[in-house]
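Asker: with the sequence up front, the predicted model follows.
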Amino acid sequence: MKRLVTLSLCFLSVSLFPCTQNLETIYEVNSHQDVIIQFEDAHQIVGDQLIVDYQEKKKFIHQNLVEMVKSSQQRVTNLINKKNYSYQQFFAANSLALFNADQNLLKQILLFSEVKCVSLNAKVQGVSLPKRDNFYLVDEKLEFNQKHIKTYQAWEKFKVKGKGIVIGTQDSGVEVTHPALAKQYRGKSKSGLNHDYNWHDAIKGQLSQWDDNHCGYYSKTPCDDQSHGSHTIGTAVGYGGDGKRIGVAPEAKFIACRNMENLTGSVATYLECFDFFMAPYPVGSSSEKGDPKKAPHILTNSWACPEKEGCDNNSFLKTLQTLKRMGIMVVAASGNDGRCNSINNPALYSDYVVSVGGLNHRYGKIAGFSSMGPSYDGSLSPHLIAPASSVYSSVPMRFGSGYAGHWWSGTSMAAPHVAGAIALMWSMKPELIGKIDLTKKILLNNLDKYPSELNCGGISGSKHPNNDSGYGSLNLLKLLDRVSRVEL
């Protein structure tokens with residue numbers, strides 16, 4: 001058995017946001033609340049920089065994180081157990097969700113020096129839809145979004161469609177038996193379906209105001225209680241036997257985690273899905289027993305956790321830093337607020353994600369609903385834009401034909417185009433896998449320019465990069481031509 005080197009995750013010790021939620025704020029409405037407790041790291045982890053092998057690096061980091069969480073959270077979990085409260089540990093973030101806690105218990109917990117801060121486990125509307133004037137009639141015989149970014153031309157010229165790459169999606173769930181998604185689900189084999197390491201449901205109870213939950217709770221089999229998740233992953237990898245060429249990388253595989261119930265999630269459900277992707281585990285198990293070698297290469301995130309709804313901006317920082325260090329690329333939708341300085345969490349972490357805004361590809365301009373930067377610290381965001389207006393993709397078969405486009409506008413639709421594009425890059429040039437900064441640099445320097453009349457953050461929209469369209473919009477022919485010439 002290899003000895004674990006446990007010294008420090010240096011990048012995890014830096015907090016970019018103050019933990020401003022005090023107990024009075026948390027308990028303003030109810031005497032008992034679900035909260036997120038964030039911990040100071042008990043020690044640091046070094047040595048992973050010396051590990052060349054991609055899979056061994058992920059394994060090393062995961063093992064050390066598990067040991068660190070046990071160490072740093074021990075005194076708090078001992079107290080919680082003594083008081084008979086329920087909790088859940090998160091390993092990528094070194095945090096803990098404590099359920100139905102009263103203020104007296106929180107006061108005791110805050111006395112421990114290893115506790116950095118406590119914030120509300122906010123329930124948030126994970127997806128906000130654009131105004132109705134952002135929707136267009138769709139010709140169902142044309143996947144206009146894919147033609148706009150030259151997907152089919154790129155397939156033909158470079159003979160690459162994402163083979164060997166796995167994308168993880170956390171959303172409303174996925175209908176994995178859909179004709180356009182069944183072959184791409186990693187849990188499908190000739191012998192049938194195996195959901196271990198490929199599916200997780202983080203929804204343990206009602207979060208939304210709606211009672212009609214199609215999937216129930218903690219489902220052991222993949223399900224989509226809305227349709228948002230099936231639509232977004234379809235844009236990344238979908239390809240139907242009926243000739244529906246809806247996805248950018250149809251030879252890539254996907255795994256999924258349900259993080260929202262009727263499009264309402266919480267900080268805890270989002271963290272739980274991130275933990276699942278860091279080290280996927282069998283149905284009913286936990287991240288502590290997960291296998292990081294089964295982690296997806298890329299994560300696509302078409303949800304938000306806005307501060308205005310009570311989400312603490314600290315909540316995902318450590319997780320995203322961990323994922324980047326493990327070589328897992330995180331793609332996130334910028335949001336649908338349609339104004340400057342409105343980048344949503346988790347897309348606001350410019351250093352650790354690829355932030356994607358919306359392109360109205362039908363009129364060749366930035367989508368009016370697309371959230372624009374700069375980010376919280378003045379850094380550029382979004383990084384790029386992608387098709388986002390009435391995008392045609394897969395929806396659960398219970399909704400008629402199993403495909404839809406008219407009402408499907410938003411940066412949620414844009415992000416999976418970029419996840420699929422990165423899958424093509426890594427499939428074409430496997431030496432790029434896990435090299436987050438280099439991949440990002442190549443991606444952002446090989447885009448079509450889309451000037452804007454806006455000047456978000458004081459940067460002219462006529463220059464690139466800017467805080468309106470970032471570095472530009474996807475052109476897969478241009479991008480893959482550059483990737484084909486990369487020497488590593």
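Answerer: Right, received. Where do you want to start? Residues are numbered from 1 along each chain as shown.
Asker: so where's the chain uncertain?
Answerer: Low-confidence segments of the chain (pLDDT under 70): 1-21, 42, 131-142.
Asker: residue 193 is in contact with residue 187, isn't it?
Answerer: Yes: Residue 193 lies in contact with residue 187 (C-beta atoms under 8 Å); the separation is 5.4 Å. No exception for glycine: its C-beta is placed from N, CA and C like everyone else's.
Asker: so what sits against both of these two?
Answerer: Jointly contacting residue 193 and residue 187 under the rule C-beta atoms under 8 Å, 6 or more residues apart in numbering are residue 176.
Asker: how many neighbours does the closest residue in space to residue 428 that isn't next to it in sequence have?
Answerer: Excluding its sequence neighbours, the residue lying closest to residue 428 (C-beta to C-beta, 6 or more residues apart in numbering) is residue 160, at 4.5 Å. Neighbours of residue 160 under the rule other C-beta atoms under 10 Å: 22.
Asker: how about residue 111?
Answerer: 9.
Asker: if I pick it, what's in contact with it?
Answerer: Neighbours of residue 111 in contact, by C-beta under 8 Å, 6+ apart: none.
Asker: from residue 104, how far out is it?
Answerer: Distance, residue 111 to residue 104, by C-beta to C-beta, to the nearest Å: 12 Å.
Asker: now swap in residue 439 and tell me
Answerer: Between residue 439 and residue 104 the computed distance is 49 Å (C-beta to C-beta).
Asker: and residue 117, by the same measure?
Answerer: Counting by C-beta to C-beta, the gap from residue 117 to residue 104 is 18 Å.
Asker: which one of the two is surrounded by more residues?
Answerer: Neighbours were counted for residue 117 and for residue 104 using other C-beta under 10 Å; residue 117 has more, 20 against 9.
Asker: surely the more buried one and residue 317 touch.
Answerer: No: Residue 117 sits out of contact with residue 317 when judged by C-beta under 8 Å, with a separation of 11.9 Å.
Asker: who has more neighbours, residue 193 and residue 187?
Answerer: Neighbours per residue (other C-beta under 10 Å) separate residue 193 from residue 187, with residue 187 holding more: 19 against 15.
Asker: mind listing what the closest residue to that one other than its chain neighbours touches?
Answerer: Nearest-residue entry for residue 187: residue 198, 3.6 Å, with adjacent residues in sequence omitted and distances by C-beta to C-beta, 6+ apart. Going by C-beta under 8 Å, 6+ apart, residue 198 touches 185, 186, 187, 255, 256, 280.
Asker: give me phi/psi at residue 300?
Answerer: Main-chain dihedrals, residue 300, degrees, to the nearest 10: phi -110, psi 130.
Asker: and the nearest residue to it once chain neighbours are set aside, helix, strand or coil?
Answerer: Nearest non-adjacent residue to residue 300, counting by C-beta to C-beta, 6+ apart: residue 419, 3.7 Å away. What DSSP: H, G, I helix; E, B strand; the rest coil gives for residue 419 is helix.
Asker: thought residue 419 was touching residue 296?
Answerer: No: taking C-beta under 8 Å as the definition, residue 419 is not a contact partner of residue 296, at 9.8 Å.
Asker: higher neighbour count, those two?
Answerer: residue 419 (36 against 26).
Asker: from residue 267, how far out is that one?
Answerer: 23 Å.
Asker: and residue 221, by the same measure?
Answerer: For residue 221, the distance to residue 267 - C-beta to C-beta - is 26 Å.
Asker: repeat that for residue 41.
Answerer: 19 Å.
Asker: these two - which one has more neighbours?
Answerer: Between residue 41 and residue 267, counted using other C-beta under 10 Å, residue 267 has the larger neighbour count: 28 against 20.
Asker: what about the more buried one, distance to residue 274?
Answerer: 11 Å.
Asker: now do residue 166
Answerer: Residue 166 is 16 Å from residue 274, by C-beta to C-beta.
Asker: those two: who's more crowded?
Answerer: residue 274 (30 against 21).
Asker: please report phi then psi for the more buried one.
Answerer: phi -60, psi -40.
Asker: hmm, residue 219 is touching residue 258, no?
Answerer: Yes: here residue 219 lies in contact with residue 258, judged by C-beta under 8 Å, at a distance of 7.2 Å.
Asker: what residues are shared contacts of the two?
Answerer: Contacts common to residue 219 and residue 258, judged by C-beta under 8 Å, 6+ apart, are 173, 201, 203.
Asker: OK, contacts around the first one?
Answerer: If a contact means C-beta under 8 Å, 6+ apart, then residue 173 has 201, 215, 219, 222, 223, 224, 225, 226, 229, 230, 256, 258 as its contacts.
Asker: burial measure for the first one, as a count.
Answerer: When you say that, I think you mean residue 201. Residues near residue 201, counting by other C-beta under 10 Å: 27.
Asker: phi, psi for it please.
Answerer: Phi and psi for residue 201, reported as degrees, to the nearest 10, are phi -110, psi 110.
Asker: thought it was touching residue 225?
Answerer: No: counting by C-beta under 8 Å, residue 201 does not reach residue 225; the two are 9.7 Å apart.
Asker: what's the overlap in contacts for the two?
Answerer: With C-beta under 8 Å, 6+ apart as the test, residue 201 and residue 225 both reach 173, 215, 258.
Asker: filter those residues down to just the ones in strands.
Answerer: Counting by DSSP state E, the shared contacts of residue 201 and residue 225 place residue 258 in strands.
Asker: now the residue most central in space within the chain. Nearest residue, chain neighbours left out?
Answerer: Residue closest to the average C-alpha location in the chain (C-alpha atoms, centre = their mean): residue 301, at 3.0 Å. Closest residue in space to residue 301, ignoring its immediate chain neighbours: residue 332 at 4.4 Å, by C-beta to C-beta, 6+ apart.
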